[in-house]
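Student: Can you look at this prediction? I've put the sequence above it.
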Amino acid sequence: RKGNVVITGASSGLGLATAKALAETGEWHVIMACRNFLKAEKAAKSIGINKDNCSVMHLDLASLESVRQFADNFRRSGSPLDALVCNAAVYLPTAKEPTYTAEGFELSVGTNHLGHFLLARLLLDDLKKSDYPYKRLIIVGSITGNTNTLAGNVPPKANLGDLRGLAGGLNGIQSSPMIDGGDFDGAKAYKDSKVCNMLTMQEFHRRYHEETGITFASLYPGCIATTGLFREHIPLFRLLFPPFQKYITKGYVSEEEAGSRLAQVVSDPNLTKSGVYWSWNKDSESFENQLSKEASDAEKAKKLWEVSEKLVGLA
Ligand code: NDP
């Protein structure tokens, strides 16, 4: 049978390119988990994904209610789950004031981390039940959260501190909207959320890999300077960023190439190692990359897991 893969945020950018790459193999049925049903259907059509190989299901990660509904709907559909890709993200670098999810969490961390945390926890049982030869849970990371790299050292740097803002509910009322308890900074909130994504992947690995055989992995697909992620940025940035990445830092990858990298992490029989953060070198060969000190801090990962569980209502 075909494998079934759920990809969040498959209506544009990396998620869409990955959906296409996997659907094209004929070996996968892609469930595009998207907040805008119509946009997702149009996107799939415009990029030429065969209807037999994909379907759209509604998921708004900025609402925990919607995440629970998605998990229920998926289960009711009766299809097995063989791979889950947590890809969706919001990035609000120019926001002066925080905005919030339905439950009142700062939007970047609420969507990118907490929404995915609940989704992955709820769907873990479905993954466990899969009889597919390999089952995987992939959480898209980023270089920007890794302060051991040049890109990760562009201020404001990621820093989760002692998680006091997160523990307080990130609501901007009783607590700061930032994980470390500091003042709101949209660019930092995104980077913090990516550190959470990478810590979560490792904590999943430590808690569940041996028992379940599921491969947990993260990746940095390269700088895809053309995606919608930068849509909130100032126009001059949007104009200069792609050529800057192409010719100066040389970290640029096309959406298609990035999609084939993520598709590889989902389906390549050679990439079954769990607990790994994949990157690609200049010749587009994958290698296991090192995470920054904070993004590989096991104690912080455990604490993040426990605090997040409380916020999403699992503990
Ligand atoms: P895009 O903005 O193109 O895609 C983001 C996707 O997330 C869209 O499909 C968007 O939906 C979806 N999304 C946003 N909010 C929600 C929500 N509340 N519920 C459900 N879906 C939502 O960005 P990219 O493709 O660039 O980003 C994809 C991933 O790649 C992210 O995890 C990002 O951190 C990561 N990444 C990107 C890099 C880059 O250079 N672009 C580099 C490193 C990592 P909609 O279409 O409705 O807006």
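Tutor: In hand now; what should we look at?

Student: Just give the number of residues close to the closest residue in space to P93 that isn't next to it in sequence.
Tutor: The shortest distance from P93 to any residue other than its chain neighbours is 4.2 Å, reached at A187 (Cβ to Cβ, 6 or more residues apart in numbering). C-beta: built from backbone N, CA, C; applies to glycine. By other Cβ atoms under 10 Å, the residues close to A187 number 20.

Student: nearest spatial neighbour of V266, skipping sequence neighbours?
Tutor: In space, and not counting its chain neighbours, V266 is closest to A83: 5.2 Å by Cβ to Cβ, 6+ apart.

Student: Quick one: the helices in the stretch 201-315 of the chain, in order.
Tutor: Secondary structure of the stretch 201-315 of the chain (DSSP state H, counting those that start in this stretch): helices at 235-243, 255-267, 298-311.

Student: between those helices, which one is nearest to the ligand?
Tutor: Among these, helix 255-267 comes nearest to the ligand, with 7.3 Å by Cβ to the nearest ligand atom.

Student: returning to that earlier point: quickly find the element holding the residue nearest to P93.
Tutor: According to DSSP states H and E, A187 maps onto helix 186-212.

Student: Residues of the stretch 101-250 of the chain that sit close to the ligand?
Tutor: Residues of the stretch 101-250 of the chain that fall close to the ligand, judged by Cβ under 6 Å from any ligand atom: 111, 140, 142, 194, 220-221, 223-225, 227-229.

Student: now those residues as a markdown table including pLDDT?
Tutor: Output for those, formatted as a markdown table (pLDDT from 0 to 100):
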| residue | pLDDT |
| --- | --- |
| T111 | 98 |
| V140 | 97 |
| S142 | 89 |
| K194 | 97 |
| Y220 | 94 |
| P221 | 93 |
| C223 | 88 |
| I224 | 88 |
| A225 | 82 |
| T227 | 82 |
| G228 | 80 |
| L229 | 83 |
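
Student: List only buried entries from those.
Tutor: 111, 140, 142, 194, 220-221, 223-225, 227, 229 (16 or more other Cβ atoms under 10 Å).

Student: Let me know the closest of these to G251.
Tutor: G251 lies nearest to C223 out of these, by Cβ to Cβ, at 4.2 Å.

Student: if I read this right, that closest one contacts S254, doesn't it?
Tutor: No: counting by Cβ atoms under 8 Å, C223 does not reach S254; the two are 10.6 Å apart.

Student: No further queries at this time; thank you.
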